[in-house]
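A.B. asks: please work out how this folds:
(2 chains)
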Amino acid sequence: MNVLAELRSRFRTALESLDATAGEYADMVLPSQDAKFGDYQANCAMPLGKRLGKPPRDIAGQLVEQLDLTDLCETPEIAGPGFINLKLKEDWLVSQLQQTINDHQQLGIIPTAEPKTFVLDYSSPNVAKPMHVGHIRSTVIGDALCRILRQLGHRVISDNHIGDWGTQFGMIIYGYKHFADEAALNEDAVAELSRLYKLVNQLVEHHETRERKIPEIEQQVVELVARLEQMHDATELEVDKERKKAAKQLKQAEGNLAGLRATLDSLRNKVAAVDNDPKLSELAAAHPEIGTAVLAETAALHAGDQTNQSLWDRFLPACLQSIDEVYNRLGVTFDHSLGESFYQSRLAGVVQDLTQRGLARESDGAICVFLDGHKAPFIIQKKDGAFLYATTDLATVQYRLEQWQPDTIVYVVDHRQSLHFEQLFATVRLWGHEDVKLEHVSFGTVLGEDGRPYKTRSGTAVGLSGLLDEAVQRAHKIVSENDDAREKPLLSAEERLQVAERIGLGAIKYADLAHNRTSDYVFSYDKMLAMNGNTAAYMQYSYARVRSIFDRGEIEVEALRAGGTTISLDEPAERALAVALLRFSEALERVVADYRPNHLTTYLFDLASAYSSFFENCPVLKAESDQLRNSRLLLCDLTARTIVRGLNLLGIQVVERM
RNA sequence: GCCCCGAUAGCUCAGCUGGAUAGAGCAACGGACUUCUAAUCCGUAGGUCGCAGGUUCGAAUCCUGCUCGGGGUGCCA
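C.D. replies: All right, here's what the predicted structure looks like:
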C-alpha cells in the first residue's frame, strides 16, 4: 500500500468538494517532519484559505469534516495556523501488514496505475580503455533505476551505448600498426590493447601539449601580464566604487595568472617526463604527426577501410568480454548493448535529413545545427567528413523511437555533458519528435579525500576492478577480525570470502547511491565500510541480525507466515517499525519521481534504525507470550524481506551471517 | 566573456513541489554487554543554512545582486 498516495487521493476528494479546482493541493499532504505531529500532515489549508479569502483554520475544519478517513486514521487534529495532523489507526496498520505477509511477489508494493516504456541508457564505457572510477556511478545508478522502475511495473529497455567506434579505436589501430607485440596480444589481448591505447594516447597528448597547449597558455600569460600592468595604473582612480572594482579585478587577474602558471608548470612536467624517458622520447620523435594519423585511422575505419575494419572485428570481442567480466561481478545486465558502431549506417542519413529539412547547414566546413539560446552550434559532421557523437546520439534516438516507441529515454551520464544533452534534446525536438520525454539524469564527480577528482598518485584514473578488489579485501579484513574476536567464530574461510565480496561491492554501490546524485561525493573506503551510519554494511548487518533470531529460535518461516497470528503494535517501537515497513512503496515512488536512488537508501536506513530500536526494546524470542512472540517474529520477517528487496533493487546482495 | 551547477554542524552528507523548534553518521563527551550478532543501542553538546536585499501567514528551499568553488563553452566523448 502506498499510504501517501492513498491519503492524497482522499484529500483530493475532500478538497474538490470545497472548491472544484482545489484538488491540486492534495500534493501538500506529506510525511510529518516530526513524529509528535503524527504520521502525516496536510498543509493545504493555508494556501487554500488565502485563495478563498477565509481563515485557514476554518478551511482546515471544513476539510476535516469532508474527509473520509475513518478506516485509515484517528480523528485528524488541527494545529498551528491550519496544519492537519494525521495519525494512522493501529488496526489499519495491522491489517496492511497482515496482507503483506503472504504477498511474496510485491511485498506490499503497488504497481503503477500507468505503466510507461522507458529506454535507460547507462554505463556506456569505451572499449579501448579499461573501466575506471568514473563509470561506476552511471552503471550503479542506471542499474538501480532499471530495477526500481521494473518493480513498479514499468516496461524498461536497458541499453548499454558502448563507445566502440570513436577516436579511441583509431588509437588502438595506430598502436597496433606501429607498436604491437604479437606475443603479448595472443597472451592477453585486452592488456596489450590497453597498453597500446595508453601509449598512443600519451604520445598524442605529448605532441598536443608541446605544440599547441603550452604555446597557447604562454600567450595567455603574456597577455595577462600586460593587462596587469595597466590595471596597476587604474588603482589611482578617484571614485571609490570604481577603485574597489578595479582592485577586485586585479585580484582576480592575479589569481588567474597564478593558475595559468601552475597549469603551465604541470604541462611542462608532463612533457619533460616523456622527454626524459629515452624510449618514449624516441617514440615521440619518430611519430611527430601521430595526432592527425590517429584521426586518419579513425576516419578510414568509418569509411570502410578493409584493414581497419578487420582489426576492429578482431579486437572488439576481447574488449567486450573484459567489460562483461566487470558487469558479471557487479551483477549488472542489459537488454541490449548497441554500441556506437551499430548506428554507423544511419549517420549519413541523419545529416542528410536534417540538412534537407533546413535544420542543419554548413558553417566553416562543418555541418551544424544552430539552436536558439546556444552560442555554439551542435556539430553533426566535421569538415573532414567524419561524424561525431552528436550524430550517433541523434541516430540512436531515431532508432530507439522506431524500435521501442518509448515514453521516456533516460541518459545516466555525468554532469559535464549537460550542454551536449541540452543541444541533443533541442535538436530532437526540432527534428519533429515532440512526444518522447528526454531526461539527462546527471551526476557529480567522484572525488578523493583531498577533494579533487579521484585519481591515482600518478594522476591517471583509478581502474574499476582494482577499486572493487580493494573494497572486497578491506571488507574481508573487517569480517575476519570481527569473527575472530567472537568466542566461537561463525564463519568458515569460504563463507568469509563470499561475505566479503558482498559487503565490499555493496559498500561501493551503496555509497554511490546514498549520495544525492547531482552532487560530487568523496570516495572513502573507511566511510563506506563503516558499521555505523547509512552504509550497505549497516544494512547487511541489520539483515543478518534479524535472520539470526530465526536461526536461534529454530523458526520455520513458512509455518509462521501461515500461522494466522495477529500482529500487535502496543509498544511504540513496534508501531514505529510498522509505519516504516508500510512506507516502502512511497520511497520507491519518490526514487522514480526524480530518478534519485538516495531516497531508497534513506528509507532503508530509517527502516533499519526503526528495527534497531525495536530490537533493543522488544524481546522477540523471550516475549511474554507466544502470541506476542509470533507477532514480533512476523515484524522481523517483514523487516528482513523489505531490507532484502530494497537492497536488491539497488543491486546489492545480503548475507545470512556476518 | 557567456552558460550550467554548487555553498547546510569541526568532517562527510540528507533535507520531497515553500511548512511547525533545520536532520543523520563520523569525530567529542556521558551512559548501556551474566541479555535474540555490542560490527549495536540510548543520551549530551555542536548551525547568523556563503553574504545582502526582496516575495509571504511562513524561506535552507522561490526572485535579484554579490562573494567563493566546480564544470562546460565550434569540429574528443
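
A.B. asks: in which helix or strand would I find residue A:475?
C.D. replies: helix A:464-484 (DSSP states H and E).

A.B. asks: quick one: buried residues of the following helix or strand past that helix?
C.D. replies: Using DSSP H and E, the helix or strand that follows helix A:464-484 towards the C-terminus is helix A:493-514. Residues A:495-497, A:499-514 are the ones in helix A:493-514 that count as buried (16 or more other Cβ atoms under 10 Å). Placement of C-beta: from N, CA and C, glycine included.

A.B. asks: what helices or strands is helix A:493-514 leaning on?
C.D. replies: helix A:133-151, helix A:306-330, helix A:464-484, helix A:525-528, helix A:536-552, helix A:598-617 (3 or more Cβ pairs under 8 Å, 6 or more residues apart in numbering; DSSP states H and E).

A.B. asks: buried ones in the first one?
C.D. replies: Going by neighbour count (16+ other Cβ under 10 Å), the buried part of helix A:133-151 is A:133-149, A:151.

A.B. asks: do the same with the last one
C.D. replies: If you call a residue buried by 16+ other Cβ under 10 Å, then helix A:598-617 has these buried ones: A:598-615.

A.B. asks: what about residue A:409, is that helix, strand or coil?
C.D. replies: strand (DSSP: H, G, I helix; E, B strand; the rest coil).

A.B. asks: bridging residues for the nearest residue to it once chain neighbours are set aside?
C.D. replies: Nearest non-adjacent residue to residue A:409, counting by Cβ to Cβ, 6 or more residues apart in numbering: residue A:119, 4.6 Å away. With DSSP bridges as the criterion, residue A:119 is bridged to residue A:157, residue A:409.

A.B. asks: now for residue A:119, how many residues are close by?
C.D. replies: 25 (other Cβ atoms under 10 Å).

A.B. asks: wait, doesn't it sit right on residue A:161?
C.D. replies: No. Contact criterion Cβ atoms under 8 Å: residue A:119 and residue A:161 do not qualify, at 10.2 Å.

A.B. asks: quick revisit: avg pLDDT for the helix holding residue A:475?
C.D. replies: Mean pLDDT, computed over helix A:464-484, is 93.

A.B. asks: now name the helix or strand holding the nearest residue to residue A:66 once chain neighbours are set aside.
C.D. replies: Nearest non-adjacent residue to residue A:66, counting by Cβ to Cβ, 6+ apart: residue A:14, 3.9 Å away. Using DSSP H and E, residue A:14 sits in helix A:3-18.

A.B. asks: now do that helix, average pLDDT.
C.D. replies: Averaged across helix A:3-18, the pLDDT comes to 91.

A.B. asks: one step back: any idea which of the helices and strands packed on helix A:493-514 gets closest to residue A:444?
C.D. replies: helix A:133-151 (8.1 Å; Cβ to Cβ).

A.B. asks: and the angle from that closest one to helix A:493-514?
C.D. replies: Interaxial angle of helix A:133-151 relative to helix A:493-514 (axes from the mean of the first three to the mean of the last three Cα atoms, to 10 degrees): 90 degrees.

A.B. asks: what's the spacing between the residue positioned nearest the centre of chain A and RNA strand B?
C.D. replies: Compute the mean C-alpha point of chain A, and by Cα atoms, centre = their mean the closest residue is residue A:141, 3.0 Å away. Separation of residue A:141 from RNA strand B (Cβ to the nearest atom of the strand, to the nearest Å): 12 Å.

A.B. asks: who's in contact with that residue?
C.D. replies: Going by Cβ atoms under 8 Å, 6 or more residues apart in numbering, residue A:141 touches A:122, A:412, A:441, A:443, A:512, A:513, A:517, A:597.

A.B. asks: how does it look with 7 Å?
C.D. replies: A:122, A:412, A:443, A:512, A:513, A:517, A:597 (Cβ atoms under 7 Å, 6 or more residues apart in numbering).

A.B. asks: quick one on the thing from earlier: now do the helix holding residue A:475: distance to the chain's middle.
C.D. replies: 24 Å (Cα atoms, centre = their mean, to the nearest Å).

A.B. asks: again with stretch A:167-178
C.D. replies: Distance, centroid of stretch A:167-178 to centroid of chain: 32 Å (Cα atoms, centre = their mean).

A.B. asks: quick one: is it near RNA strand B?
C.D. replies: Yes. Contact of stretch A:167-178 with RNA strand B (Cβ under 7 Å from any atom of the strand) involves residue A:167.

A.B. asks: spell out which parts of the stretch 551-658 of chain A neighbour RNA strand B.
C.D. replies: So far as Cβ under 7 Å from any atom of the strand goes, the stretch 551-658 of chain A lies against RNA strand B at A:551-552, A:590, A:593-594, A:596, A:598-599, A:602, A:605, A:609, A:612-613, A:615-616, A:618-622, A:656-658.

A.B. asks: what about the strands in chain A?
C.D. replies: Secondary structure of chain A, counting by DSSP state E: strands at A:29-31, A:40-42, A:77-79, A:83-86, A:117-121, A:155-159, A:360-363, A:366-369, A:378-381, A:408-412, A:437-441, A:446-447, A:521-522.

A.B. asks: reformat those as CSV; add mean pLDDT and distance to RNA strand B.
C.D. replies: Below are the strands of chain A laid out as CSV (pLDDT from 0 to 100; distance: least, Cβ to the nearest atom of the strand, whole Å):
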stretch, mean pLDDT, distance to RNA strand B
strand A:29-31, 92, 5
strand A:40-42, 93, 4
strand A:77-79, 91, 4
strand A:83-86, 94, 3
strand A:117-121, 97, 12
strand A:155-159, 98, 15
strand A:360-363, 95, 3
strand A:366-369, 96, 3
strand A:378-381, 96, 5
strand A:408-412, 97, 12
strand A:437-441, 96, 10
strand A:446-447, 90, 6
strand A:521-522, 88, 4
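
A.B. asks: and of the ones you listed, who's closest to residue A:456?
C.D. replies: strand A:446-447 (13.0 Å).

A.B. asks: helices and strands around the closest one, which ones?
C.D. replies: helix A:133-151, strand A:521-522 (3 or more Cβ pairs under 7 Å, 6 or more residues apart in numbering; DSSP states H and E).

A.B. asks: stretch A:383-392 and RNA strand B in contact?
C.D. replies: Yes. Contact between stretch A:383-392 and RNA strand B, assessed by Cβ under 7 Å from any atom of the strand, occurs at A:383, A:384, A:386, A:388, A:389, A:390.

A.B. asks: out of those, which are inside helices?
C.D. replies: A:389, A:390 (DSSP state H).

A.B. asks: identify the farthest-apart pair in the residues of stretch A:383-392 next to RNA strand B.
C.D. replies: Maximum distance among those (Cβ to Cβ): 16.5 Å, for A:383 and A:389.

A.B. asks: distance between stretch A:378-394 and the chain's centre?
C.D. replies: On Cα atoms, centre = their mean, the centre of stretch A:378-394 falls 28 Å from the chain's centre.

A.B. asks: then that stretch to PDB, C-alphas only?
C.D. replies: Backbone C-alpha positions of stretch A:378-394 (Å, rounded to 0.1, in the frame of the first residue of the first chain) are rendered in PDB as follows:
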ATOM      1  CA  PHE A 378      25.600  21.400 -32.500                       C
ATOM      2  CA  ILE A 379      28.100  20.000 -34.900                       C
ATOM      3  CA  ILE A 380      26.900  16.800 -36.600                       C
ATOM      4  CA  GLN A 381      29.600  16.400 -39.300                       C
ATOM      5  CA  LYS A 382      33.200  17.600 -39.200                       C
ATOM      6  CA  LYS A 383      34.800  19.400 -42.100                       C
ATOM      7  CA  ASP A 384      36.800  16.200 -42.800                       C
ATOM      8  CA  GLY A 385      33.500  14.400 -43.300                       C
ATOM      9  CA  ALA A 386      33.700  12.400 -40.000                       C
ATOM     10  CA  PHE A 387      30.700  12.100 -37.800                       C
ATOM     11  CA  LEU A 388      30.600  12.900 -34.100                       C
ATOM     12  CA  TYR A 389      29.000  11.600 -31.000                       C
ATOM     13  CA  ALA A 390      26.300  14.200 -31.700                       C
ATOM     14  CA  THR A 391      25.500  12.400 -34.900                       C
ATOM     15  CA  THR A 392      25.500   9.000 -33.300                       C
ATOM     16  CA  ASP A 393      23.300  10.200 -30.500                       C
ATOM     17  CA  LEU A 394      20.700  11.500 -32.900                       C
END
